[in-house]
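Engineer: Pasting a predicted model and its sequence here:
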Amino acid sequence: MAYVLGFFAADGSLTINKSGGHYIDFHICDKDLLYKISKVMESDHKISKRKWKENESTIYRLQIGSRDMCEDLINLGFNTQKTHHMPFPIIPKKYIKSFVRGYFDGDGYVWTGLIHKDRKKQMSTIQVGFTSCSFVFLKDLKSILSINFDMGGSLIKIKNKNAYCIKYSAKDSILLYGLMYDNLQSSLFLERKKKVFEKYLKGKK
């Protein structure tokens, strides 16, 4: 469930309507992952799909009505306005890796490419980042990864956006790969992101 909590922190929302209904929502493009999340949450709620415009990706939605789940999330510090004011929840150390992987799959990215293009010898590199509109959340995430896993990273404001990003160098990106995937006994991860790491690491051998 730590993975699901991390993914919720990135791509979930909590709603309390006027009649007192409590709902948790996930809106994502990855249908297979949403079905896995639904299974872990033991939900029998229908997963719907929607496509706003012809050239846009199909969005899949899972909505779960549960006062107990919503109250648990509120007790962890989440609220209906979590986009800009989201704290980092208290996570036992043994669950941090799963939480980080969940958040990464929702609001993280991994990039590979060439640097030093103006030189004769170009170098391939990898970069990992986490984004959020909540500065406090990213500040705490960076601190936790630094304290527990000796990682660096740079926390910056994204230009022309009310959002922030932690960027990690190649060395720390490889550490993050190990943190998120080594000895993984769960199917809760985005295959396409994991493959970017593995393609880069294979090329380095």
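Structural biologist: All right, it came through fine.

Engineer: buried sites along the longest strand along the chain?
Structural biologist: Longest strand of the chain, by residue count under DSSP state E: strand 123-132. In terms of neighbour count (16 or more other CB atoms under 10 Å), strand 123-132 has its buried residues at 126-132. In short, each C-beta sits where N, CA and C put it, glycine included.

Engineer: So for stretch 62-72, what gets flagged as buried?
Structural biologist: Residues of stretch 62-72 classed as buried: 62-64, 66, 69-70 (neighbour count, 16+ other CB under 10 Å).

Engineer: Keeping just the C-alphas, turn it into PDB.
Structural biologist: These are the backbone C-alpha positions of stretch 62-72, laid out as PDB (Å, rounded to 0.1, in the frame of the first residue of the first chain):
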ATOM      1  CA  LEU A  62     -10.900   4.900 -10.700                       C
ATOM      2  CA  GLN A  63     -13.100   6.500  -8.100                       C
ATOM      3  CA  ILE A  64     -13.500   4.900  -4.700                       C
ATOM      4  CA  GLY A  65     -16.100   6.100  -2.200                       C
ATOM      5  CA  SER A  66     -14.800   5.500   1.300                       C
ATOM      6  CA  ARG A  67     -15.000   7.700   4.400                       C
ATOM      7  CA  ASP A  68     -12.500   5.500   6.200                       C
ATOM      8  CA  MET A  69      -9.900   5.700   3.500                       C
ATOM      9  CA  CYS A  70     -10.300   9.500   3.200                       C
ATOM     10  CA  GLU A  71     -10.000  10.000   6.900                       C
ATOM     11  CA  ASP A  72      -6.900   7.900   6.900                       C
END
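
Engineer: mean confidence for that stretch?
Structural biologist: Mean per-residue pLDDT for stretch 62-72: 92.

Engineer: neighbouring contacts of that stretch?
Structural biologist: By CB atoms under 8 Å, 6 or more residues apart in numbering, the residues outside stretch 62-72 that reach it are 14, 16, 21-26, 34, 37-38, 41, 43, 45, 47.
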